[in-house]
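S.K.: Dropping a prediction and its sequence here:
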Amino acid sequence: MTRVAVIGLDSVPPSLLFDRLMDRLPNFRRLYREGLHGPLRTCDPPITVPAWMVMMTGKSPGKLGIYGFRHRKAGSYTDGYIVNSTHVREETVWDALAAAGKKSVVLGVPPGYPPRPLKDGNVVSCFLTPSKDRPFTYPEGLKKEILDLTGGSYGFDVTFRTEDRDAIKKELFEMTRTRLEVAKYLASRKQWDFFIMHEIGFDRLHHAFWKYFDPSHPKYVRGNKYEHIAEEYYEMFDRGLGELLGTFPGDAVTFVLSDHGSKGMKGGFCVNQWLEEEGYLKFRAKPAPATDLDKADIDWGKTKAWGWGGYYARIFFNVEGREPKGVVPRAALDAEKGALARKVMSIKDPDGRAMSNEVFEPDRLYGTALGDKPDLMVYFDGLDWRSAGTVGHGSLYLSENDTGPDDSVHSMDGVFMAHAPGRDLGGKELRGLRIQDVGPTLLRLYGLRYKDEAGLDGRPVPEVVEGCS
């Protein structure tokens, strides 16, 4: 009988877990030294949603039709929607296992709200859940078990874009301790062949505190009160991990995975102000400082392109017949995208140094690009600079995030660890691991495949299958 457990850590980079903190974390260290490990290359874009579903379906964001948390409604200039579980239409690992008669426990994997029914499974929704007053489990009765276990204090997320760092720390540590208690309860009380938990707290720690614990961050101050918060949080989780591992059956293969990495943020590049300077975006009236684009007085009849902020930029063209006041002829769209991409590649940083920018067209990047995709995707300077979508600033360059305090950006490498009970795989490092390979690898441990094997972008990793089977 094969059983597999996945510990999902959001936004954890190898540089932090493997290189800096591993010696302080005895339970992580045992899995690392006895198993297999390596950097896990994430998807484009390196965003929590869609990355976990790329991992669990073996398919690209293009085939999923998911390019981030927020999507623009087709044909609209300002209307958007938040991706949720109903937008995931591809088969996940736990869907494939359920079809084979196997049981799963799925705790917090995004996008997991609203919770989707799972045959013979137990599901708890993710950090996108608006309130614990809403149904957040399948079966529905599991909600009462969790609230009874936690005294009603189960939390899905924390408020992390605030200057009150003491409040963030308290809420963050409490949320993660509670999640670990729920994980231990589910792992020990429910029947499962596959167990997966996701902890968003790592991501929130990094965004709220990176400048306090990373000496290479441009705003790091030695001796600050949060200088050791990364050690505190990871050590707390490691203790809980040890207890959780103790609830797993002796034959369970254990994976530790993160969806992407993190690194210090240099600043924000004002993509819409730049588009205005380049003649693509036209305003009827000068916007007030730090104005959201959807609140600015835009002359759409004269605007060729606009952008969205975030850890990467999404750029949309105002196309005739597609947008209500489109001005770019469809026949000219490819040429316009190419011209704008070349201009993006020439952008310099505040010191006059050429940025290492990257521009992607979804159709070319993925081959298949479904759903409400942007026309262009832009990484500013290797993602060191986030995209600031607000307008009315005095400069193209911001030293802070324009939507609230944020110390980190996302990076392309997450972490991968695999541990097989009773086997010492020597702590071998694997190279070339890709996030889309995880799902096919997990299923192959059960001797199973996805229904749409031919449509996958991932493949099983032979060293992992052979070492852990």
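M.R.: Right, received. Where do you want to start?
S.K.: now what about stretch 91-107, what contacts it?
M.R.: With contact meaning CB atoms under 8 Å, 6 or more residues apart in numbering, stretch 91-107 is reached by 53, 56-57, 112, 118-124, 179, 182-183, 186-187, 190-198, 439, 442-443, 446, 448-452. All C-beta atoms are positioned from the backbone trio N, CA, C, and that covers glycine.
S.K.: Endpoints of it, how far apart?
M.R.: By CA to CA, to the nearest Å, the extent of stretch 91-107 from end to end equals 17 Å.
S.K.: and it, average pLDDT?
M.R.: Averaging pLDDT along stretch 91-107 yields 98.
S.K.: Repeat that for stretch 192-209.
M.R.: What stretch 192-209 shows for mean pLDDT is 98.
S.K.: Do me a favour and get the backbone dihedrals for Arg72.
M.R.: Recorded main-chain torsions at Arg72 are phi -80, psi 130, according to degrees, to the nearest 10.
S.K.: Show me the beta-bridge partners of it.
M.R.: Gly80 (DSSP bridges).
S.K.: Number of residues surrounding it?
M.R.: Here the count is done by other CB atoms under 10 Å, and Arg72 has 18 residues near it.
S.K.: Out of the contacts of stretch 91-107, list just those in helices.
M.R.: Met53, Met56, Thr57, Arg179, Val182, Ala183, Leu186, Ala187, Gly439, Leu442, Leu443 (DSSP state H).
S.K.: Same list (those residues) but as a markdown table, adding pLDDT, neighbour count and distance to Asp23.
M.R.: Below are the ones in helices among the contacts of stretch 91-107 laid out as a markdown table (pLDDT from 0 to 100; neighbours: other CB atoms under 10 Å; distance: CB to CB, whole Å):
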| residue | pLDDT | neighbour count | distance to Asp23 |
| --- | --- | --- | --- |
| Met53 | 98 | 27 | 33 |
| Met56 | 98 | 26 | 31 |
| Thr57 | 98 | 29 | 35 |
| Arg179 | 98 | 24 | 25 |
| Val182 | 98 | 18 | 29 |
| Ala183 | 98 | 26 | 25 |
| Leu186 | 98 | 23 | 30 |
| Ala187 | 98 | 22 | 27 |
| Gly439 | 98 | 25 | 31 |
| Leu442 | 98 | 29 | 29 |
| Leu443 | 98 | 23 | 34 |
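S.K.: For the residue nearest the centre of the chain, list the residues it contacts.
M.R.: For the chain, the residue nearest the mean C-alpha position is Thr48 (1.3 Å; CA atoms, centre = their mean). For Thr48, the contact set (CB under 8 Å, 6+ apart) comprises Asp10, Ser11, Phe69, Pro110, Ile200, Asp203, Asp259, His260.
S.K.: Kindly provide the distance from the second one to His87.
M.R.: What it means is Ser11. Ser11 sits 21 Å away from His87, taking CB to CB, to the nearest Å as the criterion.
S.K.: Of those two, which one has the most company?
M.R.: The neighbour count for Ser11 versus His87, taken as other CB under 10 Å, is higher for Ser11 (27 against 18).
S.K.: got the phi/psi numbers for that one?
M.R.: Per degrees, to the nearest 10, the backbone of Ser11 is at phi 70, psi 30.
S.K.: Can you check the pLDDT for it?
M.R.: Taking Ser11 on its own, its pLDDT is 98.
S.K.: do the same with Thr162
M.R.: 88.
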